[in-house]
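**Q** here is my input, please return the structure:
(one chain, ligands or ions: 1)
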Amino acid sequence: MKHLLEKYDTPAPRYTSYPTVPYWTDSPTLDECIQSLDTYLSPKDSKLAIYLHIPFCETLCTFCGCNTSITKNHTVEEPYVTALKNELQLYTDRVSSLNGKNLSELHLGGGSPTYLSDYNLKSTIEFILTKLNPAEDPQYSIEVDPRRTRISQLKLLQQLGFRRISLGVQDFDPEVQRLVNRIQPFELTENITLEARALGFDSINFDLIYGLPKQTLSSMQYSIEKTLELKPDRIAFYSYAHVPWIKASQRLFTEKDLPEPTLKRDLYEMGRSLLEKEGYREIGMDHFALPHDKLWKAFNTNKLHRNFMGYSDSKTDVMLGLGSSSISETPNLFFQNQKLEMKYRKSILDGIIPILRGHKLTQSDQTRKQLILDLMTSWQVKVPNEMKSHVFHFLQEMESDHLVHWQGETLTVTEQGKPFLRIVAMAFDEKLQLSQPTKPVFSKAI
Ligand code: SF4
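**A** Here you go, the predicted structure:
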């Protein structure tokens, strides 16, 4: 494996979208965004998801790559949730098919959604439900920071219809936690997990990261064993993305503090083997689920989906992102809100939907988006005739190294090739291949 890592551990996108955000070029106008939303929300059976971004965190975890605003001053909450409500109002004023639309999915991410007071959380969700109606069996989920949630908040979420929570854990080893500025005793995570289960949350996810500073095989074994004591339904076991040219806090440690590529991969392999022994199955890239979880079922029935939030067991026609930096997606457009919270709020105060940039997908983009999605969700893809020769040449060396193989028009990633899925997907990424980046853009694939 060492020689393969030396050869193929190069920068690569995670492909939660295609084109990837750095290669968005043709920005839609606001009118085009409104038109696209209206078109795809008009059919009665079309499905809508809302993503709410809450950017606030009380402290900064130094590995973090999210769009955050760090403050212990909770007076920021009220103006922000007012802006969220006003943003939805601006959309419902202009997109007639959004009014009264059935809401299939609601996701709260961040930052830390559990930073909000119970009052602000409740009033925001209730406002959304005055504009939209819950679909049959809606899926509401929220990212929970075990250090910043309360039992009262879990009860409230349960009453509001949430059944899925994702706990930020990252690592249980106290020394690794200290180095990344995230002190989170096991008992805290345990308490929240048990309370959530008792309240009826039926899908509990843990986020774990491999490749953090000073992680070793024994520290990782400890983290996985502690995870197995609590048996979450799903686990996202992410590769740490080192992008210090984008995230200044990652400059607080150097490459020397990080596990070198072979060890980093060994951390993952060991984690995978321990999880699989306890009945988990690897679903797509870096995700695991138990047999009763919907992610497992979606994988088995070829219904696994991938979007800006990662893997999902369902797909909606429209994802409307509200809040600073949120990304919206329709079949023919991507668009993203102002990233800075102040600029976001100012735009809403001025009565303007705060879109910063986006991309209009061409026919070729849409085809490539689907091919990459197929590959990322099933480890294989049927390659159209007109692309086959290009893809074949791009992956020729990987085929010689037994990382992919062809059967007719179907390209399959082999067991040995799984760590390099992001590199294989690059074969379909026309934008990346045409560009000649002079600065680093993406984290390394492993
Ligand atoms: S990892 Fe989560 S809690 Fe930590 S800074 Fe990032 S968003 Fe905030």
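
**Q** what mean pLDDT would you report for whichever strand or helix holds Asp31?
**A** Here Asp31 sits within helix 30-41, counting by DSSP states H and E. The predicted model gives helix 30-41 an average pLDDT of 98.

**Q** tell me what that helix is packed against?
**A** Counting contacts by 3 or more CB pairs under 8 Å, 6 or more residues apart in numbering; DSSP states H and E, helix 30-41 packs against strand 318-322, strand 327-330, strand 333-337, strand 355-360. In short, each C-beta sits where N, CA and C put it, glycine included.

**Q** okay, buried residues for the helix or strand of the chain with the lowest mean pLDDT please.
**A** Scoring the helices and strands of the chain by mean pLDDT, DSSP states H and E places helix 2-8 at the bottom, with a mean of 82. When burial is assessed from 16 or more other CB atoms under 10 Å, helix 2-8 yields the following buried residues: Leu4, Leu5, Tyr8.

**Q** now do it: everything it contacts.
**A** Pro261, Thr262, Arg265, Met398, Asp401, Leu403, Gln416, Pro419, Phe420, Ile423, Ala445, Ile446 (CB atoms under 8 Å, 6 or more residues apart in numbering).

**Q** burial check on the residue of the stretch 251-400 of the chain found nearest the ligand, number of neighbours?
**A** Nearest residue of the stretch 251-400 of the chain to the ligand, counting by CB to the nearest ligand atom: Ser325, 11.8 Å away. A count of nearby residues for Ser325, using other CB atoms under 10 Å, gives 21.

**Q** separate out the buried members of the contacts of helix 2-8.
**A** Buried, going by 16+ other CB under 10 Å: Pro261, Arg265, Met398, Asp401, Leu403, Pro419, Phe420, Ile423, Ala445, Ile446, out of the contacts of helix 2-8.

**Q** redo those as TSV? Include distance to Leu88 and secondary structure.
**A** TSV is the format used below for the buried ones among the contacts of helix 2-8 (distance: CB to CB, whole Å; DSSP: H, G, I helix; E, B strand; the rest coil):
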residue	distance to Leu88	secondary structure
Pro261	44	helix
Arg265	43	helix
Met398	46	helix
Asp401	50	coil
Leu403	46	coil
Pro419	41	helix
Phe420	41	helix
Ile423	40	helix
Ala445	38	coil
Ile446	40	coil
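
**Q** ok, back up a step: show me which positions of the helix holding Asp31 end up buried.
**A** Buried-residue list, helix 30-41, by 16+ other CB under 10 Å: Cys33, Ile34, Gln35, Ser36, Leu37, Asp38, Thr39, Tyr40, Leu41.

**Q** chain center to it, what's the gap?
**A** Mean-position distance between helix 30-41 and its chain equals 24 Å (CA atoms, centre = their mean, to the nearest Å).

**Q** next structured bit after that helix?
**A** strand 48-54.

**Q** so what touches that next one?
**A** 41, 67, 80, 84, 98, 101-113, 115-116, 124, 128, 132, 308-309, 316-327, 337.

**Q** re earlier: which residues are in contact with the residue of the stretch 251-400 of the chain closest to the ligand?
**A** By CB under 8 Å, 6+ apart, the neighbours of Ser325 are His53, Pro55, Asn67, Gln336, Asn337, Gln338, Lys339, Tyr344.

**Q** what about 7 Å?
**A** Ser325 is in contact with His53, Asn67, Gln336, Asn337, Lys339, counting by CB atoms under 7 Å, 6 or more residues apart in numbering.

**Q** so what touches the helix holding Asp31?
**A** Against helix 30-41 from outside (CB under 7 Å, 6+ apart): 46, 48, 94-98, 101, 317-318, 320, 330-333, 335, 353, 355, 358.

**Q** one more time with 6 Å
**A** The contact list for helix 30-41 (CB atoms under 6 Å, 6 or more residues apart in numbering) reads 46, 94-95, 97-98, 101, 317-318, 330, 332-333, 335, 353.

**Q** redo those residues as a markdown table? Include distance to the ligand.
**A** Below are the contacts of helix 30-41 laid out as a markdown table (distance: CB to the nearest ligand atom, whole Å):
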| residue | distance to the ligand |
| --- | --- |
| Ser46 | 31 |
| Arg94 | 31 |
| Val95 | 30 |
| Ser97 | 33 |
| Leu98 | 29 |
| Lys101 | 29 |
| Asp317 | 28 |
| Val318 | 25 |
| Thr330 | 27 |
| Asn332 | 31 |
| Leu333 | 27 |
| Phe335 | 22 |
| Ile353 | 25 |
